[in-house]
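Engineer: sequence first, then the predicted structure:
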Amino acid sequence: MKLHLAQNANQNLITAYGAGYVAINGRRYEQNLIVTPNEIVDAWQVMAELDGDAFAAIARLAPQIILIGTGKTTRFPASAVLKVLIAVKIGYEFMDTHAACRTYNILLEEGRKVAAALIIA
């Protein structure tokens with residue numbers, strides 16, 4: 001799906017997504033990644049089960065809220081691994097990856113300090 005929103009050339013906007021990819025500012029990514037308004041962490045190391053190391057990588061970016069796109073369906077990790085986010089007072093939301101892409105763009109346009117951690121499925 002192609003997305004069309006007002007784009008600030010200085011920020012990372014998700015411009016398209018589909019089976020096996022996400023495009024940011026027109027550039028296609030086919031592996032798990034983290035995107036913030038100002039940074040892209042490609043090749044995000046995440047295991048089949050979301051673990052504390054995966055969330056620590058996101059927390060280092062210090063967003064206000066993290067959208068975790070868990071692939072084709074919404075999955076939730078064990079509550080114990082969320083302690084790293086709770087400890088630093090970062091909000092989080094789990095959803096399928098396509099919903100995370102749409103929500104990221106909305107929050108970005110609102111000027112929120114958002115990160116999207118996307119599992120590309």
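Structural biologist: In hand now; what should we look at?
Engineer: tell me what the nearest residue to T97 once chain neighbours are set aside is bridged to.
Structural biologist: Using Cβ to Cβ, 6 or more residues apart in numbering and skipping residues adjacent in sequence, the residue nearest T97 is G69, 3.3 Å away. Bear in mind the C-beta positions are built from the backbone N, C-alpha and C, glycine included. Under the criterion DSSP bridges, G69 forms beta bridges with M95, L118.
Engineer: and for G69, the neighbour number?
Structural biologist: G69 is flanked by 28 other residues according to other Cβ atoms under 10 Å.
Engineer: and L61, by the same measure?
Structural biologist: A total of 17 residues lie near L61 under the criterion other Cβ under 10 Å.
Engineer: please identify the helix or strand for it.
Structural biologist: Mapping L61 onto the secondary structure by DSSP states H and E places it in no helix or strand at all.
Engineer: what secondary structure does L85 sit in?
Structural biologist: With DSSP: H, G, I helix; E, B strand; the rest coil as the basis, the three-state label of L85 is helix.
Engineer: how about the contacts made by it?
Structural biologist: Counting by Cβ atoms under 8 Å, 6 or more residues apart in numbering, L85 touches 55, 58-59, 66, 92.
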